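**Student:** Need coordinates for the below:
(one chain, ligands or ions: 2)
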Amino acid sequence: GADLDVVGTPRMARRRVPHTGSEVVRVRGVRRSFNGRVALDGIDLTVHQGEVVAVVGPSGSGKSTLARVVNHLEQPDAGTVEVGGRVIGRRPDGRPASGRELAAQRRDVGMVFQHFNLFPHLTVLDNVLLAPSYLRIGAPEEIRARAAELLTKVGLAEHWQRYPHELSGGQQQRVAIARALAMDPSVLLFDEPTSALDPELVGEVLSVMSDLAQEGRTMLVVTHELRFVRDIADWVVFLDNGRVLRQGNPSEILRGAGDERIERFFASVS
Ligand code: ADP
Ligand code: MG
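**Tutor:** Ligands and ions are numbered 1, 2, ... in the order given. Reported below is the predicted structural model:
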């Protein structure tokens with residue numbers, strides 16, 4: 001497959017929220033502090049089935065902490081995170097989940113990081129195969145076929161035998177996306193997936209993300225990339241000081257939503 005280099009045409013036909021679909025991610029009253037410093041100060045956020053939600057805001061506003069709390073890489077001090085109706089980190093009876101139960105819950109949340117976080121000693125294919133093979137999600141030949149299909153989807157079918165250091169940043173990030181998809185999660189989380197890339201490589205990653213959005217994948221994306229907010233997101237949440245300052249549709253938020261801080265923010269990143 002040829003490497004992709006442009007973002008798909010704007011998705012004019014995509015419906016805009018509020019959606020009536022089921023709630024895939026439901027964050028309620030989440031607080032989190034680090035050494036007395038508040039990172040999340042009572043966050044409420046809902047992501048519906050098939051919805052693409054962008055999270056934007058200044059550095060230090062709590063975006064990464066929010067993504068990590070949804071994946072339970074961080075535990076909230078207060079409040080709850082539900083994915084697919086189950087409270088992350090808890091059993092149905094409200095008691096804390098065991099490590100094994102937590103691992104099962106996390107499988108439902110695919111995560112893509114700013115710095116790719118691929119396993120450097122594994123080939124592209126093995127990076128994608130690792131989790132489903134370890135967790136025995138299907139027969140080995142099914143897992144391989146699915147991995148090959150995902151690498152084709154992200155435009156890297158011919159690179160399956162390579163190692164991460166042999167690839168560009170944009171290619172590595174596309175492998176990371178294929179890896180996140182390998183467990184067929186009900187939601188994909190991205191934390192600034194294009195901000196470590198050289199500018200000429202951003203488009204190929206946005207293009208893959210645009211395809212996923214078109215397919216109806218449920219996505220929560222922390223990003224400063226205006227093209228993503230404008231052309232791909234259905235809904236935008238603007239964080240400031242650990243709180244949701246405003247949320248709304250992209251055109252509303254990109255125009256500042258009546259808040260001078262938001263206007264200044266978009267002026268500074270554009
Ligand atoms: P953003 O991703 O929007 O830049 P973060 O979620 O990374 O913001 O950080 C929010 C606040 O929480 C910042 O003040 C940051 O310094 C603090 N913080 C985040 N993670 C940690 C941590 N592991 N230890 C201490 N402070 C942290
Ligand atoms: Mg961050």
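
**Student:** can you give me the helices in the protein?
**Tutor:** Counting by DSSP state H, one finds helices in the chain at the ranges 63-70, 99-106, 124-134, 140-153, 169-181, 199-214, 226-231, 250-254, 260-269.

**Student:** As CSV, those helices with mean neighbour count would be great.
**Tutor:** C-betas here are computed from N, CA, C, even on glycine. Written out in CSV, the entries for those read as follows (neighbours: other Cβ atoms under 10 Å):
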stretch, mean neighbour count
helix 63-70, 23
helix 99-106, 13
helix 124-134, 20
helix 140-153, 16
helix 169-181, 25
helix 199-214, 20
helix 226-231, 18
helix 250-254, 18
helix 260-269, 14
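
**Student:** Let me have those helices in a markdown table, extended by distance to G84 and mean pLDDT.
**Tutor:** A markdown table is the format used below for those (distance: least, Cβ to Cβ, whole Å; pLDDT from 0 to 100):
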| stretch | distance to G84 | mean pLDDT |
| --- | --- | --- |
| helix 63-70 | 12 | 97 |
| helix 99-106 | 9 | 85 |
| helix 124-134 | 18 | 94 |
| helix 140-153 | 21 | 96 |
| helix 169-181 | 16 | 98 |
| helix 199-214 | 18 | 96 |
| helix 226-231 | 25 | 94 |
| helix 250-254 | 26 | 95 |
| helix 260-269 | 31 | 93 |
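
**Student:** Can you say which of those helices is nearest to V55?
**Tutor:** Each of the helices of the chain was scored for nearness to V55 using Cβ to Cβ, and the closest is helix 63-70 (5.3 Å).

**Student:** Not counting its own residues, what contacts that closest one?
**Tutor:** Outside helix 63-70, the residues within contact range by Cβ atoms under 8 Å, 6 or more residues apart in numbering are 25, 27, 30, 32, 39-40, 43, 45, 55-57, 74-76, 81, 83, 88, 109, 111, 187, 189-192, 220, 222, 239, 242.

**Student:** Taking these, please make a PyMOL selection of just the buried ones.
**Tutor:** A single PyMOL command is used to select the members of the contacts of helix 63-70 judged buried by 16 or more other Cβ atoms under 10 Å:
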select buried, resi 25+27+30+32+39+40+43+45+55+56+57+74+76+81+83+88+109+111+187+189+190+191+192+220+222+239+242
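
**Student:** just the contacts of helix 63-70 that are near ligand 1?
**Tutor:** Contacts with ligand 1 within the contacts of helix 63-70, as defined by Cβ under 6 Å from any ligand atom: 39, 57.

**Student:** Out of the helices of the chain, flag the one nearest G50.
**Tutor:** Of all the helices of the chain, helix 199-214 comes closest under Cβ to Cβ, at 8.8 Å.

**Student:** What is the closest one packed up against?
**Tutor:** helix 169-181, strand 219-222, helix 226-231 (3 or more Cβ pairs under 8 Å, 6 or more residues apart in numbering; DSSP states H and E).
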